[in-house]
Structure formats: structure tokens, C-alpha cells
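Undergrad: Need a 3D model of the following:
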Amino acid sequence: MRLVIKEPVERTGRPYARRWWALLVLCLSLLIIVMANTALTVAAPDMTRDLGLSSADLQWVIDGYTVPYAALMLLLGAIGDKYSRRGALVLGLLVFAGGSVFGYLADSSETVIAARAVMGVGAALIMPATLSLLAATFPRAERAKAITLWTATAGLAIAAGPVVAGALLKDHGWASTFLINVPIAAVALVAAFVLVPPSKAGHHDRIDYVGGLLSVVWVGALVFMIIEGPHFGWDTKAITAAVVAGAGLLAFVLWELRHPRPILDVRRFTNRRFAGANLAVALFFLAVFGAFYYLTQHLQFVLGYDALATGVRMLPLAGAVFVGSALTGYLTPRVGMKWTVSAGMVGGTVALALLTQVDASSAYGDLVAPLVILGLAIGLALSPCTDAIMGAFPESELGVGGAVNDTSLELGGSLGIAILGSLLATSYSDHLSDATTGSKLPASALATAQDSVGAGYAVAQGIGDKARQLATQAAQATDPQQVAQLKAQAGQLAQGAQQMKDAVGASFADAVAHTSLIGAVILGVGTLVVALLLPRGNKANAMAELVAEGTDETDKANERVTVG
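TA: Model (predicted):
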């Protein structure tokens, strides 16, 4: 047996014997992509303090990863199809690990953002490669089960990132969280040569680079607009990005409709199953990323858990994803994806609806049920959608299929953090303003506290520190009148600090409840739309329908080329 696998699966004429080991490599590669974001959520407070990040800096530290990741996937997925899917995976792992080391060495907001952008490029290579290699390595009869395990890995990574990062932050600085990815990437890189067979499209025409570049422009501009507008205001940059995104999308669609060999045949979106699956993925991750964004803050700031304890308390979600994935593996072949996906989206809506009950008195126990239900919902809904999306593409376009699925996921996640994050910030600011009405808090201090829940607690801590300083001065003073005066001032400030702390906690809890209500409405309406889009029928019939449509489209494309 050769150490490095060189023979493509397509040439063997039989299922690859070590395909489940290959799946482990693909899942490890997926793990670091998701963990790169979830680990950052618990490292962000330390990073903010150490580098003196503004709210704008922190937002771009988080989203500097997202823009290249979302924008490049379609083009890089097509390149992987043509030249080498395993090559794309290996190159992506190298770039991702390099960006992680760069992040570890970074000492300013600019260098951290640059490192995150490099990691985003690596992720754009890795993500579509994992799905395309999975689809190429597994026979169609086993593909749904493999995708279910791939999906469950994403659920594990959501919770694993904060746990591992939290453990590191006990004894090390925030920079150490970047190194989480390096050993995993190194193992996956070596194992890719040993366990993952090479793969590329058997027949792949010249790449539609114009369509690929147009996709980079419109997706990149759209993600930039999603990040910039809600968080920093609809200034010239955000409006320009919106115009570029709209014009780029229109140009992309028109070009793809006319091109004989488009990078993405946009006619696929006229298929109800394909369109419904993509919409479900986007809406689901809008809810999941948005909820994760504010729940981790609530656990850390309001409930006072450290980074490790926060990660541990997200584990029920990861466990529930595995249970939901097992359920969908059993139910989907029997009742069809329409019902499992709809049930999953209803579950997600219920989870967000339960979070509307969060208030100042809520403890961690009140969050367990929503986390478990949300995890079950992810497991139920996501893998059937991914299976349907991948099944809509012929073997020569598996990388493009993976890129479409992952772009829907990433756009949904970006929208979730932008929309729900913006609503959270506005609601928190308004509630805090109401809660502090009549207080003697200076306007500048209130404005600082309204910026974020972390800033609010920092203001409360500053008032408390001032109270302790006055108490110390009172203890050292000798004039009885001065002692009494200092003690009175210290008592007033201490009371004000506690009132400010209570107001910040209550305001953020109310903001979580309000934001969850909006999220539940969005996902609830989306559930109805997806349920109407997805046709009835069992999975076998659905896959046959998609394959037939893909074959028809290929034949039509070939006819256009022949006529031309």
C-alpha cells in the first residue's frame, strides 16, 4: 500500500475502502474553519483590552475573516473542480495555518484584521473542497450519512471553539487562541495525502472567469454592506457597497444566463427543492449565528462566567446537534426532506421564542432548553438541505455545489450577526437610557456605557473604583467632618455603581429578549416560505428529480455549445 494515495476514486470502479477515514480528515478541516469564529467570541474581551480596540475595530476583527471567505468560495470551488479538489484542500490548510500563525504574532488591530483575512482566504479554499471531496469519495447511497456526520461536526465546532479557547485563556493571552488551528491543520494536511484520494472533474471545460470575478465582486460587496451599514451607519461606504452589490448581482445573472458554460447555472434556482434548501440554510444560520453572538455575551458579561465556563455551557447545543443529525438520518428517507427541514426550522423558531423570556433574573438554567432545542433543530434541518444542494450538481461541478451551500451558510450567518447584532445594540442602548433616567450619571459616561454591555460594566466598575478610593481617603483622614463627607460620597458612588451594574445587566437581558423575538419572527416567516417551496416526496424521488434536471441542463448547455 502506497503512503500517498495517487489514484482517483473514479478510476477504481468501486467504493474507496478508506472513505470513512477520509471523512474524518474532511471533518477535521471543517472543524478549524468553524472554531476560528467561535473561539474568537470568548477571546474578544481580552483582545479588546490588550489592543485597545474600538467597537469598529472589533467588528472588523470578527468580519475580516468573513468577506474573503464568502466572496471567493464560488470561484475557488470551480478552480478546485477543474484542477484538483485535494490540492485546493491542501493549499487552503497551508494558507489557513499561515494566517493563524500571523494572528498569533499580531500586535495591533490592523495586523489581526489582516491575519483574519488571510485565514478567510484559506477557509474559502477548504470549505467547498471538503464537500466536493466528500461527494466524490462516497457512493450516492452513503452520501447522505456522510453529509450528516459532516454537519454534526459543525455543531461540535460551535461549542468546541469556546471550550478550547477558554482553557487556553486561563494561563495564556488571547493570541494563543489563534494557535488552536495550527496542529489540527497540520494533522489534516498530512492525512489528506494519506487518506483522501485525489479528485477533479472528469470533463471540465474552460472556467468562466468573468462570471467568477463578478461573483467575487457582488458577494464581497454584499457582505461588506451587511457588516458596514447596520453597525456603523449608512454612510457613503455602505451605500456604495449596496450599489456595487446590486449592479454586480445583475451583471452576474445576465452573464451566466448567456454564457454557454457558466460557473454557476442560475437556472438551478428555479427548482423549488434547490431554492428552498438554500433559503433554509441561509435563514437557519441567520438565527444560529445571531443567537450565538448574543448568548455568549450574556453568559460572559451578565451571568459572569469566564471564557472556559462559557464554552462548557454551550456544550448542550453541540450534543443536541448530534442527536438531531441521528434523527434526520432516520426520518428523512422515510418522510422526505420537506418535513424534516420544516420541523427543524420550527424548532429553531421555538428556541428563539423561548429566549424572549430572558430577563434580569434569568440564570443559566433558563438557557438550557433553548440551546438543546436549537441544537436539535440544526441537526434535523441542515444535512438534508446540504444533501439536496450537492445532489443538484453533476460530478464535474461538486466544488461549485459545495461553494453554493457554504455561501448560503455564510451570507445567512453574516446577516444574522449584522441584523440581530444591530437590533441588540439599539435595544440595549434604549433600555439603558430608560433605566438610568433621573440618575446623576454624566452624559459622557452614559454614552460610553451605551456602546456595549462590556463598556457598560466597565463604567460601573469605574464608579465602584472611585467609591473605593474615597473610602480609602476617609480611612486615612483625621478631620471628622472630612471623614463623614468622604464616607457619604463613597457610599453614594458605591450605590450608584451597583445601580449601574444592575441597569446594564437588566438592559442587556431585555435586549436579548427583544432581539430573540425579532429573530423568531424572521425564522418563523422563513419557515412558512421554505415549507411552501419544498415539494413533497421522499428523498429518493427528490434526488432522481435533481439529477434528471442537472442532466437536462447539461444537455442543453452542450446543445448551445454545438449550435454556437
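Undergrad: can you give me the strands in the stretch 151-300 of the chain?
TA: For the stretch 151-300 of the chain, no strands are identified by DSSP state E, counting those that start in this stretch.
Undergrad: In it, where is pLDDT below threshold?
TA: Scanning the stretch 151-300 of the chain for pLDDT under 70 picks out the ranges 203-204, 231-232.
Undergrad: show me where it has helices.
TA: 181-195, 209-232, 236-258, 272-297 (DSSP state H, counting those that start in this stretch).
Undergrad: With distance to Glu142 and mean neighbour count as extra columns, can I get those in JSON lines?
TA: (Each C-beta comes from the backbone N, C-alpha and C, glycine too.) As requested, the helices of the stretch 151-300 of the chain are exported to JSON lines (distance: least, Cβ to Cβ, whole Å; neighbours: other Cβ atoms under 10 Å):
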{"stretch": "helix 181-195", "distance to Glu142": "16", "mean neighbour count": "19"}
{"stretch": "helix 209-232", "distance to Glu142": "31", "mean neighbour count": "21"}
{"stretch": "helix 236-258", "distance to Glu142": "32", "mean neighbour count": "16"}
{"stretch": "helix 272-297", "distance to Glu142": "20", "mean neighbour count": "24"}
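Undergrad: Just tell me which of those ends up closest to Ile158.
TA: Nearest of these to Ile158, taken as Cβ to Cβ: helix 272-297 at 6.7 Å.
Undergrad: helices or strands next to that closest one in the packing?
TA: Helices and strands touching helix 272-297, by 3 or more Cβ pairs under 8 Å, 6 or more residues apart in numbering; DSSP states H and E, are helix 19-51, helix 140-171, helix 337-355, helix 365-391, helix 398-415, helix 421-435, helix 480-533, helix 539-563.
Undergrad: can we see that at 6 Å?
TA: In terms of contacts (3 or more Cβ pairs under 6 Å, 6 or more residues apart in numbering; DSSP states H and E), helix 272-297 is packed against helix 365-391, helix 398-415, helix 480-533.
Undergrad: and of those helices, who's closest to Leu446?
TA: Per Cβ to Cβ, nearest to Leu446 of these: helix 480-533, 9.4 Å.
Undergrad: The closest one - contacts with which helices or strands?
TA: Right, helix 480-533 is packed against helix 272-297, helix 337-355, helix 421-435, helix 453-476 by 3+ Cβ pairs under 6 Å, 6+ apart.
Undergrad: Distance to Val210 added to those helices, as CSV?
TA: CSV is the format used below for these (distance: least, Cβ to Cβ, whole Å):
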stretch, distance to Val210
helix 272-297, 23
helix 337-355, 34
helix 421-435, 34
helix 453-476, 45
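Undergrad: Nearest to Asp171, out of those helices?
TA: It's helix 272-297; of the helices and strands packed on helix 480-533, that one is closest to Asp171 (Cβ to Cβ) at 20.9 Å.
Undergrad: now the closest one and helix 421-435, what's the angle there?
TA: Relative orientation of helix 272-297 versus helix 421-435 (axes from the mean of the first three to the mean of the last three Cα atoms, to 10 degrees): 40 degrees.
Undergrad: Quick one: name whatever helix or strand follows helix 272-297.
TA: helix 307-312 (DSSP states H and E).
Undergrad: about what we covered before: looking at the helices and strands packed on helix 480-533, which is nearest to Leu189?
TA: helix 272-297 (27.2 Å).
Undergrad: Contacts only, for the closest residue to Leu533 other than its chain neighbours.
TA: Setting aside the residues directly before and after it, Leu533 is nearest to Gly276 in space (Cβ to Cβ, 6 or more residues apart in numbering), at 3.4 Å. Contacts here follow Cβ atoms under 6 Å, 6 or more residues apart in numbering; on that basis Gly276 touches Val530, Leu533, Leu534.
Undergrad: Show me the residue sitting in the middle of the chain in space.
TA: Centroid-nearest residue in the chain: Gly413, 4.7 Å away (criterion: Cα atoms, centre = their mean).
Undergrad: Provide a list of residues in contact with that one.
TA: Taking Cβ under 6 Å, 6+ apart, one finds Phe285, Phe289 in contact with Gly413.
Undergrad: Going forward, count from 845.
TA: In the new numbering, first residue 845, that becomes Gly1257.
Undergrad: What separation is there between it and Val1067?
TA: 10 Å (Cβ to Cβ, to the nearest Å).
Undergrad: How about Thr892?
TA: Counting by Cβ to Cβ - Thr892 and Val1067 are separated by 23 Å.
Undergrad: sorry, back to before: which one of the helices and strands packed on helix 1116-1141 lies nearest to Ala866?
TA: Using Cβ to Cβ, the nearest of the helices and strands packed on helix 1116-1141 to Ala866 is helix 1242-1259, at 14.4 Å.
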